[in-house]
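K.L.:
Fold the following.
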Amino acid sequence: MVLVLWDIDHTLIDTRGVGRELSAEAFSRTTGQKMRRQAKIDGITEAVIFRETAKLHGLTTTRADFGRFAQELVAAHLRRSADLRERGQVLPGASAALDALAVQPGVRQTALTGNVRRVAEIKLEVFGLDRHIDWEIGAYGEDNDVRAELVRIALERAGLTPAEAVLVGDTPADVEASHDSDVRIIAVASGRSGQAELRAAGADVVLPSLDDTELFLKLVCRS
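P.N.:
Here you go, the predicted structure:
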């Protein structure tokens with residue numbers, strides 16, 4: 001058994017700015033303030049992004065505030081799913097990689113993402129990438145603030161051990177989470193972090209993209 005834990009943003013898709021616009025809409029509806037700045041987002045869970053962004057605006061928030069923000073974020077993604085489809089894009093090789101893994105015996109695929117679950121579902125639905133994802137065993141931004149804890153949650157939901165999983169992501173935070181949870185990492189330099197930065201973070205396997213489906217399969221399914 002191999003459980004593939006897929007990061008979403010900049011690993012499978014790129015919203016090309018739409019995601020930030022939707023976050024700004026949700027922030028404004030939740031706090032009553034325009035989002036002038038946004039906290040660091042790469043590899044960070046949605047709850048932390050909201051909390052730290054609020055601090056940049058002089059606001060102290062609660063978990064209940066995050067709950068309202070999450071609801072507004074889901075609503076914004078539903079309202080503007082057409083914009084997301086038209087302006088965003090599937091990253092090279094992502095669709096082929098998902099399809100190829102789906103026919104491999106013993107491989108299960110799920111999401112390991114800082115997005116809240118419903119936003120993650122909408123994003124992959126919009127681009128037709130949701131068909132092989134087992135959402136019930138994934139871990140999401142509302143489950144925990146710490147990415148390594150998300151890995152542990154997904155493993156518990158799947159009833160698997162760290163040795164039976166591989167995390168696929170594009171940030172040093174993904175690499176750190178893999179080390180902290182003892183799962184393998186396949187780092188993909190398809191986001192803002194280059195191959196050298198991902199190797200420096202400790203990734204043993206770094207790909208420039210998901211374009212080489214055969215190589216990716218070998219890496220995932222190695223004994």
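
K.L.:
Domain ranges for this structure, per the record?
P.N.:
For the chain, automatic domain parsing gives the domain ranges 2-14+89-221, 18-85.

K.L.:
pLDDT (mean, whole number) over the first one?
P.N.:
Meaning domain 2-14+89-221. Over the span of domain 2-14+89-221, the pLDDT mean works out to 97.

K.L.:
next one: the last one
P.N.:
Model confidence over domain 18-85 averages 97 on the pLDDT scale.

K.L.:
First-to-last residue distance for that domain?
P.N.:
10 Å (Cα to Cα, to the nearest Å).

K.L.:
from the chain's centre, how far out does that domain sit?
P.N.:
16 Å (Cα atoms, centre = their mean, to the nearest Å).

K.L.:
What of the longest one?
P.N.:
Centre-to-centre, domain 2-14+89-221 and its host chain are 7 Å apart (Cα atoms, centre = their mean).

K.L.:
Now do the same for the nearest residue to Val220 once chain neighbours are set aside: helix, strand or coil?
P.N.:
Sequence neighbours aside, Val166 is the residue nearest to Val220 in space, at 5.7 Å (criterion: Cβ to Cβ, 6 or more residues apart in numbering). Any C-beta I mention is one placed from the backbone N, CA and C, and that applies to glycine too. Under DSSP: H, G, I helix; E, B strand; the rest coil, Val166 falls in the strand class.

K.L.:
Val166 and Pro105: what is the separation?
P.N.:
16 Å (Cβ to Cβ, to the nearest Å).

K.L.:
Between these two, tell me which one has more neighbours.
P.N.:
The neighbour comparison of Val166 against Pro105 (other Cβ atoms under 10 Å) goes to Val166, with 22 against 7.

K.L.:
Confirm for me that that one is in contact with Val188.
P.N.:
No. Counting by Cβ atoms under 8 Å, Val166 stays clear of Val188, with 12.0 Å between them.

K.L.:
could you pull out the helices for this protein?
P.N.:
Per DSSP state H, the chain carries helices over the ranges 18-31, 46-56, 63-79, 81-87, 94-102, 117-126, 147-158, 172-181, 195-200, 213-221.

K.L.:
Hey, what's the angle from the longest one to helix 46-56? Just curious.
P.N.:
What that stands for is helix 63-79. Here helix 63-79 runs at an angle of 110 degrees relative to helix 46-56 (axes from the mean of the first three to the mean of the last three Cα atoms, to 10 degrees).

K.L.:
Could you do the last one as well?
P.N.:
Following the same axes, to 10 degrees, one obtains 100 degrees for the angle between helix 213-221 and helix 46-56.

K.L.:
Report the buried residues of helix 213-221.
P.N.:
213, 216-217, 220-221 (16 or more other Cβ atoms under 10 Å).

K.L.:
Export those residues as a markdown table, with columns for distance to Glu136.
P.N.:
Shown next, in a markdown table, are the buried residues of helix 213-221 (distance: Cβ to Cβ, whole Å):
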| residue | distance to Glu136 |
| --- | --- |
| Thr213 | 26 |
| Phe216 | 24 |
| Leu217 | 24 |
| Val220 | 21 |
| Cys221 | 23 |
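
K.L.:
In terms of distance to Val206, which of the residues you listed ranks first?
P.N.:
Phe216 (12.2 Å; Cβ to Cβ).

K.L.:
Which residue, other than its chain neighbours, is closest to the closest one?
P.N.:
Phe216 sits nearest to Ala97 (Cβ to Cβ, 6+ apart), 5.4 Å away.
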